[in-house]
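Novice: predicted model follows, preceded by the sequence.
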2 protein chains.
Amino acid sequence: MDAVFHALANDTRRTMLERLAEHQLTVGELAEPLEMSLAAAAKHVTVLERAGLIRKSARGRQHVCRLDPAALASADAWLRFYERHWNRRLDALETLYRTEPESAAKDG
Amino acid sequence: MDAVFHALANDTRRTMLERLAEHQLTVGELAEPLEMSLAAAAKHVTVLERAGLIRKSARGRQHVCRLDPAALASADAWLRFYERHWNRRLDALETLYRTEPESAAKDG
DNA sequence: GTTATCCTCAACCATATGGTTGAGGATGCG
DNA sequence: CGCATCCTCAACCATATGGTTGAGGATAAC
């Protein structure tokens, strides 16, 4: 889970995922629009792979990357689970504002 | 967005958020169960705060932390948006398997 | 006023991260 | 074969991260 969120915590890598949501792409294709070396881009790909967000397979000398939604689903599940709590808190706060504005203001 | 996912990419901080989903807590209360110094825990709190995930307010010498769901909602929105694409890809892949197993195997 | 408590801040350290370059393996092409 | 291409690997560098300790500010308690 650390690895998944860490992988998502970088705009280059999120952009890669966005592009991979459309087509599968080779490492070179992923690197092409980026203003960094191929080696640097390949490192980002490795981070995504080790987080389980993508899979790589060799096709000749090209390495094709495609999305693996399982890890993303687990991150999503984490957020959704706690979202329930947050919504509960927000509802409670809203109720508090309606009934006791001063106390609610103190709370937040 | 980088900051939000970075903040989530650490188990100590996710645990803090889980606890804050239940009650608001002081920095000391957040630090108490952790096997690290108060200063280290306070640094984690700062990371959460700078990501916009929590808000801190002074109450005497205690600093009370409570969840701010807005940033979490944005992370959730990102995941949900791309989830649509992933699901579409998965559906397409499934269809491909039904109609052209060999070609589908090549694709993944 | 004095002392204890809660927390921040600054300095420091080890390791991780994100980039570079250069070398080289494996494959495709003429 | 000989060479170009795609990519990995290793070494290196600057900076960030996650922890420590020690000092100290602000507030609470006596």
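Specialist: Cool, got the structure.

Novice: what residues does the residue of chain A found nearest DNA strand D make contact with?
Specialist: As assessed by CB to the nearest atom of the strand, DNA strand D sits closest to residue A:28 within chain A, at 2.1 Å. Yep, even glycine has a C-beta here, placed from its N, CA and C like the rest. By CB atoms under 8 Å, 6 or more residues apart in numbering or on different chains, the contact list for residue A:28 reads A:38, A:62.

Novice: what about the host helix or strand of it, distance to the chain center?
Specialist: Assessed by DSSP states H and E, residue A:28 sits inside helix A:27-31. Helix A:27-31 sits 19 Å away from the centroid of its parent chain (CA atoms, centre = their mean, to the nearest Å).

Novice: so residue A:8 sits against residue A:16, correct?
Specialist: No. Using CB atoms under 8 Å, residue A:8 is not in contact with residue A:16, being 10.8 Å away.

Novice: gap between the closest residue to residue A:73 other than its chain neighbours and residue B:16?
Specialist: Among residues not flanking residue A:73 along the chain, residue B:83 sits closest, at 7.6 Å (CB to CB, 6 or more residues apart in numbering or on different chains). Separation of residue B:83 from residue B:16 (CB to CB, to the nearest Å): 26 Å.

Novice: pick out whichever of these two has more residues nearby.
Specialist: Taking other CB atoms under 10 Å in any protein chain shown, residue B:83 and residue B:16 do not tie; residue B:16 has more neighbours (26 against 15).
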